[in-house]
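J.: Any chance you can model this:
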Amino acid sequence: MSTRSNIAVKVIDTKYYDDKEIGQEWPYIYVYCHFDGYPSHHLPILNTYYNDLDKAIELVKHGDISILAESCENPEGHSFDTPVKGYTIYYGRDRDEKNVKMRRNISVRSMLQEQWLYVFENGKWECYGSNK
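T.: Model prediction:
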């Protein structure tokens, strides 16, 4: 059984995205992550490798995640079936699935649909549990 999570970034400044709806009305961008969403796995990775706004945005802009890892780059040969150790596996990019793009949301509470939620806001990662 998987430990599911959502990973979100609060983005007020629209310079980061072409999407003009991101900003004051829709300040959060987020993705679903299927495996290993518990804090002892996600927080060390998020705090070490995605520890500023640009890195956090880079992580979520590729869409929904199967497995979070230290890098969100796409090395040669990396795919869902042949993953390269240390690289995040995305459903769209690495498995060619559809309808797995990054989404927008209005509040932390409305994103707490999975077991865990991680939000990058004010320069740091916060972790919320859903008590499911």
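J.: which neighbours does the helix or strand harbouring residue 104 have in its sheet, and in what orientation?
T.: Using DSSP states H and E, residue 104 falls within strand 103-105. Under the criterion DSSP bridges, strand 103-105 sits next to strand 28-33 (antiparallel) in its sheet.
J.: quick one: contacts of the strand it pairs with?
T.: Strand 28-33 has contacts (Cβ atoms under 8 Å, 6 or more residues apart in numbering) with 4-11, 17, 22, 42, 57, 60-68, 100, 102-108, 111, 114, 119. For glycine as for every other residue, the C-beta is placed from the backbone atoms N, C-alpha and C.
J.: now stretch 110-126
T.: 3-10, 28, 30, 32, 37-39, 42-43, 46-47, 50-53, 56, 105, 108, 127-130, 132.
J.: what about burial for those, which qualify?
T.: Buried subset of the contacts of stretch 110-126 (neighbour count, 16 or more other Cβ atoms under 10 Å): 3-10, 28, 30, 32, 37, 42, 46, 50, 53, 56, 105, 108, 128.
J.: Among these, which lie within strands?
T.: 5, 6, 7, 8, 9, 10, 28, 30, 32, 105, 128 (DSSP state E).
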